[in-house]
Structure formats: structure tokens, C-alpha cells
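Trainee: Whatever this is, show me its structure:
(chains A, B and C)
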Amino acid sequence: MPAHSPEQLNEDVLRPLVHTTWRFYLTAGILGSIVLAALAAFIYQVYSGLGVSGLDRPVFWGFYITNFVFWIGISHAGTLISAILRLTNAPWRRPVTRCAEAITVFALVIGGMFPIIHLGRPYLFFWLFPYPSERGIWPNFHSPLLWDAFAISTYLTGSSIFLFLPTIPDFALLRDKASGWRRKLYRALSLGWTGTPRQWHRLEMAMRIMAVVILPVAVSVHTIVSWDFAMAPVPMWHSTVFGPYFVAGAIFSGIAALIIAMAFLRKAFHLEQYLTPFHFDKLGKLLLLMSLVWAYFIIAERLTVWYGNESPEMAVYWSTQQGRFTHLFWFMVFCNLVIPFAILSIKHFRFSIAGPVIASTTVVIGMWIERFLIIVPPLERKYLPYSWGTYHPTWVEITITAGTFAAMALLYMIFSKLVPIISVWEMKLGWQQEAEASRPVASEAQLPHMIPGADLPAPGN
Amino acid sequence: MARQWGMVIDLDRCTGCEACVVACHAENNIATVGEDQAARGRAMHWIRVERYWEGNFPEVRVTYRPVLCQQCGDAPCESVCPTYASYHNPEGLNAQIYNRCIGTRYCGNACPYNVRFFNFFNPVWDKPLNLQLNPDVSVRSVGIMEKCTFCIQRIKVAEFRAQAEKRPLKDEEFNPACVQSCPPTAMVFGDLDNPQSEVSRLARSNRATRLLEEVGTAPNVIYLRSVS
Amino acid sequence: MKAIYGLYSDPHSAERAMHRLRSSCSALGFEVRNICLATSEPLDEFDLGWKEQKTAMPWLAALGGLIGGTSGYLLVSLTQRAYPLPTGNMPIVALWPTGVIVYELTMLGAILTTFISLLASARLPRWRKDVYDPAVAEGKILVGVINPREAAHDDLAKMLLDAGAEQVKEFASR
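Mentor: Predicted structure coming up:
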């Protein structure tokens, strides 16, 4: 099989690390300046006060918390999908896991910044963590924000390790191939890996344990994010469906982000041979499934509210169905259900790369809107009509939001320049297993012919 | 001695004059944010007078309801605060410790009454208004939440004076600024746990209702309103 | 440390070399644990020393989870009792909020233990030079013996070559 050449794989995966075109620098420059603009906007906000954002009373949370939930959701692309695929031993996962796990780590870093960005006094964010302070007081563990801090720290630690562990053998490979500063970097990162059976065995065992542990962590993280809302007695926040609803939405948007990242890597680094339409078909099916699950949840949420007909909830309900947010709501349904269903239910479109990418793009947009519609309309229409309000974002919030998308792309680009974006050893292992499975008698057939019996020393001699 | 401070507001007496709002601003050093900010919904009134119109023109009847922090027994704002800036003090008050606040604004979202306010900018008082600041009340900086305290500074002064004179604190010995300034005496303040107090007598009235009681907040502000 | 090793391009001949080394270790005067192997992918389909591997890592992870969860409970309950502040009419140490923190720290304990036990039992990071050849990165399989007896040197080289080694090399450090 010509496609299954380890030498070719080494070549293809290592090429992007050393060959950098002007397009890379141009893109990095543009993205970098957007990130700098966002940074400037944040500094301006800290300097002047949160009043430069569009927040008001009663809408105390807006774009920032939307971004927080959105990026934590995107982070479920990697670790969750990769852990599920590893545990079910889906052979097609091999070229996909690394790019998925990287999305997780970067999305978590970006999402985790938002609770700090949105603080009234961001320079005191460390008061959220339990440490013996001069103030003689510990944080309040009753607060869902504390749960968030613990869940996200655990998830970030876990998914960083989950990303790092299977990369160690690839760093060892790079150490032997690279030169100059890269060689030094990879020597440090490979931790002196040589590939003894003991090392391989422990690594595979560690990955198995990690996959089992990281799954419940991933589920708990987005459940706890949903509890930030569900624990407060706010109409249409205070709902038991929020936990699974948020987890499903997170996986949904995560798969979409993964498809977009894969298509980008495939094109930019010429990985057509490894990230094939077959993979896009598989992920496309998964995206279609999650789109239907998402639709099921939104129906379950909306129908019970409408049927129950409680006046505080109905005020929120009507503002999304017949009020200010109607167009946004139906646009969200169009992005998250109509487009993915139309494209991904047709086999021909699924196998084209463009089909899943278009569907994924609308899903990412739709899911951002979904988070916005979960957060803002209930706050605008909270109980006493006298204190209802409206929310309009300002340029500060829009710049910072744009900056996070740029930061994500930039971090991902830099990562793909330092780390092989396809797990080389796992690909080779896959081929080896395939080869062994396809010719099971080969080894026995070879052995007697190759080993003359006289060659074997007598036992106990 | 454990007390449960509470307030009764007689809606049948309230004329909507907003004297309570003005008194509250003066007593508690509440900043005025200016027209632009107020139009964006950032005005800070620890007590507000809600106006409701009943009926159709020309048969319109206006009713008023002063809404302040309800000093809930089961306050949603307290348990969501990660830094204990919002907590329950031993006298049943829903206290706000400004120095602990880092500005997550979670309490503001959790509050069903929208009576918690955020300092979007550093407050400024144009001269000579800076000279009328109440020295008993701290001035809040940018980035933190604030709300009605039942004039805790007055409660503390009265308690200390009673302690110094070695006598029990008398009911109606002092009043929060809003109660003190109410021309039709629609508001009564006192210890709800003391069955002899005026406030607990009124709270037992058959006109007594509590605002958004169904949310489960167990408010300590009681509204009196005849059901017609 | 010195070593002699052969480089193999297919796992079958590496397997063969392994078999022969094992069966002749007493004859040539070295221990089975002195046989060294380096590969660029885990070859657990072959008889190259994977089947003998055993580890307590899952149990360690469970233990780490237990320690994490216990410390989570202690953290929450001790700090809340150290400065008891009632909020929202909840108990000072409330069941559900404590449960969430205990859950997360159980998981964190298991994750960190897995990572540490991996490093400890795979003996990473190690900066001392181990028997290694950059050709392993090309997909070659390294099979050899650490610190062989001088006298057995030639026999070993022959044996490695006969098993199908493309090259037999020597390795020395320090």
C-alpha cells in the first residue's frame, strides 16, 4: 500500500514544522494585530471601568460570559471526542486526535480568561482561589463560580496532560530529525524518551486511564458551567435541563470547530493523504447527530416553558419568539439545524470537504448565538417589569470577542509549527495493526524457513 | 440578643413622592451617574418607587410600590458570591462587604428584585456636593456591587448607645433614612422577632403580602395592600 | 555503560533476535533484564517484552483519586468552619456544593497521580544517555545487550546479524 509509508509520513508531518511560507507570517501578523487590539481594549476597560462595555442593570452579564460559555464549549472538541474515540478504539481517530486535543487546551485557556476579563476588579481575581490570605477569609464554596474555578483548573490540567503524553514519542522523533534550537527544544520536551517496551507500555496505560478519567471531567465541566445559570432563580435559567443541554451543545460546537481546523490543516499543510473525505464523513455524521440532539433539547426546553405558562418565564419566552430576539432565534435554528441537516444528511455533500466545513461554520456561529440567547434575554426580562432592561454591546466587547477568535487561530497556527499535528507513532501503530490483521499467518510462515533449528542453543546449556 | 430587622410598607398610604429615594441618596453616599448613564440603565437608587397604571384611559388609577433590598431570609445573592462579599449577618440582614467584592456581578443576576447596583465607573461628586458626604458610610469604588443596607450605620450607632447606657435597645429608637423621611408614614421599621413591636404587629395584618414570595426568597420587607 | 545492538527493519526479525538472546543469556553471561529494545512505535503485537509488562498504575490512579477527594472534602469543610459565614440559609458545609468540589478534586488527584506514576515508572525524564540510535526514528528496531562480557562480544554480534540485523553497532557512554 503506497499510502502507508512511514518514511512518507515522517516527511509529510515534519515538513510544516520547518517550511514556513510568507502566507503564514502574513496571517500571523493580521491575527496578532487583532489580538493586540483586543488587549488594548481590555486595558482601556480596566483603566476606565466596566462602564465602557454595554452592560447595565439588570443585564450584568453579556458578551464576556457568552464568550466564556462558547469557548468552554468549543474545548469539548478535543478531549471528549478523542477520549471517546480512544475508548471505543475507532481506528479512524488516529490522524484526528492530536488536532482535537490541541483545540481543547487553547479553547480552555481562552475561555478561562473571560471570568477574569469580565470582573469589576480583575486585578483581584485570585481571591477566587483558596489560599491562606492576609484577609483571614476563604472563598465561598457554595458559589457555582468556585465550582467553575475547580472544574476548569482540573479540566485544563487533565487535557494538557492528555495532549502532552502522546506527543512525547513524537518529540523524540523530532529530536532525532531536527537541528539547531529545535533540537534543544525537542530534546527537553521528549524527556529522554527512547522507546523501550517499558516506556511504551506505561504510556499506553496512562493514556487509557486518562481517557477514562477525562470523560467524566469533561461532562462535569460543562454541566457546572450550565449551573452558573441554572442555580440562580432567574426565569428560563433555573432549569434542570441545562446540564445535559449545555454538554450536548458543547460537543456539537466542538465537533464543528474540529472539522474547520482539520480542513484548514489539510489545505495549508497538504495533509490530504491523512485527513481524507472519509474522516470528514465520519465527523459530519457525528455533527448531524449532535444537531438533532441539540434540536431535541431546545424543543424540550421551550415546550415545557410554553406549556407551563408561568408569567415570568413567558416574558422571556416571548422576547425570543415574538420580541426583540425573534430574528436572532430563528437565525440560530437555521444555522444549527436547517443548514447542517440539509448538507450533512446527503452522502455526496458529506464526502465533499466543503459540505461539512460550511455546516460547521454555521454551527459555530449558531452556537455562539445560542449562548447569547441563553444569557441575555432572561436577564432583560427578570420578574418585575419595572426594572426590565436592554443590552447593547459596545466596541470594547466586540473587539475583545474578535480578539479571542484571532487568538485561537494564532495559538493553533503556532502550535502546528512546533508540534506534529498528526500523531506519528499512533498512525504507524495503526498501520502495523492493520497489516498484522490482514495477514495473520505471515509470521508463522516465515519463521521456520528463516530460522534453522540448529541455530538454537540447547536449553539449560 | 438575636433580632430580625424588618420593614413594613403600606402601599395604601404611599403617595409616590420619592422622598425616600432622595433621603437614601443623601444618607448612603449614593453616586448620581448622570443622564447618559441613567438612560443606559445604570442609575443607582437603593430604593426606587415603581409606578403601575391600572385600567384604561380615562379610568386610570396609579399605584406605587417602593422597592428596596428585601433583606431575604434565603437570599439567592448570598450563596452565589464566591468571596462572601454578600452574606447573612447575625441580625438577619443581608450584608454587603464592599472590600471583599471583586465584581462578578453574579449577585445582581441572582437577585429577583434587581435591587443590587454595580459601580460601572468611579463615582464622582461635583463640588460642593463632595462636602455633604456622610462620614459614617464608606464610598464605593469602581467595579463593586452595592445595595440597601437598612442603614446599618444607624442600627450600629443605636446599638452602641444602648449598650453604653446599659439598657435594651428600644423599638422605634431610630429609623433608616427612607422611613424617617416618609411624609405619609407609609414605612415602618423594627424588630420582626419582637411580637410587641409596631412592625411585627403590622406584619400580622391581613393586608400583608411579600414581593415575589413564590421565588422562595423569604423576604423581610412586607407590603400592606388592601385587596379590592 | 556499553552496549552492543543490532538494528532491524521488520519486527519479525527483531522478534527472532529477541528469542535467541533470551535463550542464550546464560550461555553468553548476561541477564535477561540486560536485553535492551527501542522502537518508534509500540509493538505489542509481537513478542518483544510487552507481555511481561505489569503495572499498578490503575490502582495508583484510584488511590490518587481517593487522596484528592479526601483533601477536597477537608479543604472545603475546614476552611468553611474556620470562618463560618452563613449564606442563603444554607448549612455552613452543605452537601451538594461540597460534593462538586470533592468530585473535581478526586478527578484531579487521579489525573496527577497517573501523570506522576507514568513518569516514575517509565523513568522519565532521564537525561543520562540510554542505549539509543537515531535510526530508531526512521522506524528501525533496536535490539541489544547492555554491558556484555568482552568474551561474548563476537558471539553476540554474530547472533544479532544472523537474526536479520541490517547493522550491528556498539554504544558507549561515560
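
Trainee: What is the burial count for B:Q196?
Mentor: 9 (other C-beta atoms under 10 Å in any protein chain shown). For glycine as for every other residue, the C-beta is placed from the backbone atoms N, C-alpha and C.

Trainee: Also B:M145?
Mentor: B:M145 has 26 nearby residues by other C-beta under 10 Å.

Trainee: Give me the pLDDT value at it.
Mentor: You'll see B:M145 listed with a pLDDT of 95.

Trainee: That one and chain C, how far apart?
Mentor: 15 Å (C-beta to the nearest C-beta, to the nearest Å).

Trainee: Low-confidence ranges, chain A, go.
Mentor: Along chain A, the model assigns pLDDT under 70 to residues A:1-4, A:439-461.

Trainee: any chance you could map the helices in the stretch 301-450 of chain A?
Mentor: Counting by DSSP state H, counting those that start in this stretch, the stretch 301-450 of chain A has helices at residues A:311-321, A:326-333, A:339-344, A:347-351, A:354-380, A:395-418, A:424-438, A:442-450.

Trainee: Same question for chain C.
Mentor: C:11-23, C:25-28, C:57-82, C:95-121, C:153-162 (DSSP state H).

Trainee: Of these, which is nearest A:A230?
Mentor: Closest approach to A:A230 among the helices of chain C is made by helix C:95-121 (12.5 Å; C-beta to C-beta).

Trainee: Which strands or helices does that closest one pack on?
Mentor: helix A:144-164, helix A:197-230, helix C:57-82 (3 or more C-beta pairs under 8 Å, 6 or more residues apart in numbering or on different chains; DSSP states H and E).

Trainee: I'd like the ones you listed as JSON lines, with mean neighbour count appended.
Mentor: Listed next are these as JSON lines, based on neighbours: other C-beta atoms under 10 Å in any protein chain shown:
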{"stretch": "helix A:144-164", "mean neighbour count": "23"}
{"stretch": "helix A:197-230", "mean neighbour count": "22"}
{"stretch": "helix C:57-82", "mean neighbour count": "18"}
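
Trainee: In JSON lines: the ones you listed, plus distance to chain B.
Mentor: Shown next, in JSON lines, are the helices and strands packed on helix C:95-121 (distance: least, C-beta to the nearest C-beta, whole Å):
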{"stretch": "helix A:144-164", "distance to chain B": "4"}
{"stretch": "helix A:197-230", "distance to chain B": "8"}
{"stretch": "helix C:57-82", "distance to chain B": "10"}
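
Trainee: Let's have these in a markdown table, adding distance to A:L119.
Mentor: Formatted as a markdown table, the helices and strands packed on helix C:95-121 follow (distance: least, C-beta to C-beta, whole Å):
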| stretch | distance to A:L119 |
| --- | --- |
| helix A:144-164 | 10 |
| helix A:197-230 | 14 |
| helix C:57-82 | 22 |
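
Trainee: So what sits opposite the closest residue in space to C:Y5 that isn't next to it in sequence in the bridge?
Mentor: Closest residue to C:Y5 apart from its sequence neighbours, by C-beta to C-beta, 6 or more residues apart in numbering or on different chains: C:G144 at 2.5 Å. Beta bridges link C:G144 to C:Y5, C:C36, judged by DSSP bridges.

Trainee: so C:G144 makes contact with C:V131?
Mentor: Yes. The pair C:G144 / C:V131 is scored as a contact, 6.0 Å apart, by C-beta atoms under 8 Å.

Trainee: And the two? Which one has more around it.
Mentor: The neighbour comparison of C:G144 against C:V131 (other C-beta under 10 Å) goes to C:G144, with 26 against 22.

Trainee: Okay, that one and chain A: tell me how far apart.
Mentor: C:G144 is 11 Å from chain A, by C-beta to the nearest C-beta.

Trainee: Mind pulling the model confidence for that residue?
Mentor: For C:G144, the model assigns a pLDDT of 87.

Trainee: Give me the three-state assignment for the closest residue to A:G403 other than its chain neighbours.
Mentor: In this structure, A:G403 finds its nearest non-sequential neighbour in A:A38, 2.1 Å apart by C-beta to C-beta, 6+ apart. The three-state label given to A:A38 by DSSP: H, G, I helix; E, B strand; the rest coil is helix.

Trainee: A:A38 contacts A:I400, correct?
Mentor: Yes. Taking contacts as C-beta under 8 Å, A:A38 lies within contact range of A:I400: 4.7 Å.

Trainee: ok, these two, which is more surrounded?
Mentor: Neighbour count, other C-beta under 10 Å: between A:A38 and A:I400, A:I400 has more, with 25 against 22.

Trainee: need the residues of chain B near chain C, please.
Mentor: With C-beta under 8 Å from any C-beta of the partner chain as the criterion, chain B meets chain C at residues B:73-81, B:84, B:86-88, B:218.

Trainee: farthest pair in the residues you listed?
Mentor: B:Y84 and B:A218 (20.0 Å).

Trainee: Quickly find the element holding the residue in chain B that chain C sits nearest to.
Mentor: Proximity of chain B to chain C (C-beta to the nearest C-beta) peaks at B:S79, 3.3 Å away. Secondary structure from DSSP states H and E places B:S79 in helix B:76-80.

Trainee: which residues touch the longest helix seen in chain B?
Mentor: Secondary structure of chain B per DSSP H: the longest helix is helix B:152-164. By C-beta atoms under 8 Å, 6 or more residues apart in numbering or on different chains, the residues outside helix B:152-164 that reach it are B:5, B:91, B:93, B:95, B:134, B:136-137, B:168-170, B:173-177.

Trainee: Just the buried subset of the residues you listed, please.
Mentor: B:W5, B:E91, B:L93, B:A95, B:V137, B:L169, B:F174, B:N175, B:P176, B:A177 (16 or more other C-beta atoms under 10 Å in any protein chain shown).

Trainee: Among those, pick out the one closest to chain A, please.
Mentor: B:A95 (13.6 Å).

Trainee: Show me what residue of chain C gets nearest to chain B.
Mentor: At 3.3 Å from chain B, C:G88 is the closest residue in chain C, using C-beta to the nearest C-beta.

Trainee: What about that residue, how many residues nearby?
Mentor: C:G88: 24 neighbours (other C-beta under 10 Å).

Trainee: List the contacts of it.
Mentor: A:H142, B:D74, B:A75, B:P76, B:C77, B:E78, B:S79, B:V80, B:H88.

Trainee: I'd like to know which of those is nearest to A:T304.
Mentor: Out of these, the member with the shortest distance to A:T304 (by C-beta to C-beta) is B:P76, at 21.9 Å.
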